[in-house]
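Colleague: starting from these lines, generate the structure:
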Amino acid sequence: MSLAVVFLLIVMPPLLCGLFYLSQVPEWAWERNDGLTFDRIWLYREQRPQGVGYQRARVVTEYDSTEVCVETRLRFFLWGNASQAEPATTRQQMVLVDGQWQATGAECR
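Modeller: Prediction:
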């Protein structure tokens, strides 16, 4: 069996099923137990579907139990003649207030 046939039989069906699922729901997200670490995938649309968006947030520095630095990465995988989207990375300081994490608006130290 050639590599192309294996690719078509093993890789393409889950990929197509995933894209069909994303066309029916707004997003697909999964979160870790800390409430700050998550991944999110969604179908990027303007007038019509133009690609897939992927967002990832991770705690990169823990200053103490109520203050952390969270890094968020955003990527778009576009197809066709959609305009190019550059990946973006931000770091933001978060504090725990009354049991909820809130952004301070400041960059990490």
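Colleague: so who does R73 touch?
Modeller: Neighbour list for R73: Q55, R56, A57, P87, A88, T89 [criterion: Cβ atoms under 8 Å, 6 or more residues apart in numbering]. Just so you know, the C-beta spots here come from the backbone N, C-alpha and C atoms, and that holds for glycine as well.
Colleague: which is the succeeding secondary structure element to the helix or strand hosting it?
Modeller: Assignment of secondary structure by DSSP states H and E places R73 within strand 67-78. Scanning the chain past strand 67-78 towards its C-terminal end, the next helix or strand to appear is strand 88-97 (assignment: DSSP H and E).
Colleague: what angle sits between that following strand and strand 67-78?
Modeller: For strand 88-97 against strand 67-78, the angle between stretch directions is 150 degrees (axes from the mean of the first three to the mean of the last three Cα atoms, to 10 degrees).
Colleague: for strand 88-97, which strands pair with it and how are they oriented?
Modeller: Take DSSP bridges as the rule and strand 88-97 pairs in its sheet with strand 67-78 (antiparallel), strand 100-103 (antiparallel).
Colleague: could you list the buried residues of it?
Modeller: Within strand 88-97, the residues scored as buried using 16 or more other Cβ atoms under 10 Å are Q92, Q93, M94.
Colleague: hmm, back to that, save the contacts of R73 as JSON lines, and put in distance to A106 and pLDDT too.
Modeller: Listed next are those as JSON lines, based on distance: Cβ to Cβ, whole Å; pLDDT from 0 to 100:
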{"residue": "Q55", "distance to A106": "21", "pLDDT": "95"}
{"residue": "R56", "distance to A106": "21", "pLDDT": "96"}
{"residue": "A57", "distance to A106": "17", "pLDDT": "96"}
{"residue": "P87", "distance to A106": "23", "pLDDT": "90"}
{"residue": "A88", "distance to A106": "18", "pLDDT": "93"}
{"residue": "T89", "distance to A106": "16", "pLDDT": "94"}
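Colleague: just these now: which is nearest T37?
Modeller: Of all these, the one sitting nearest T37 is A57; the distance, using Cβ to Cβ, is 6.2 Å.
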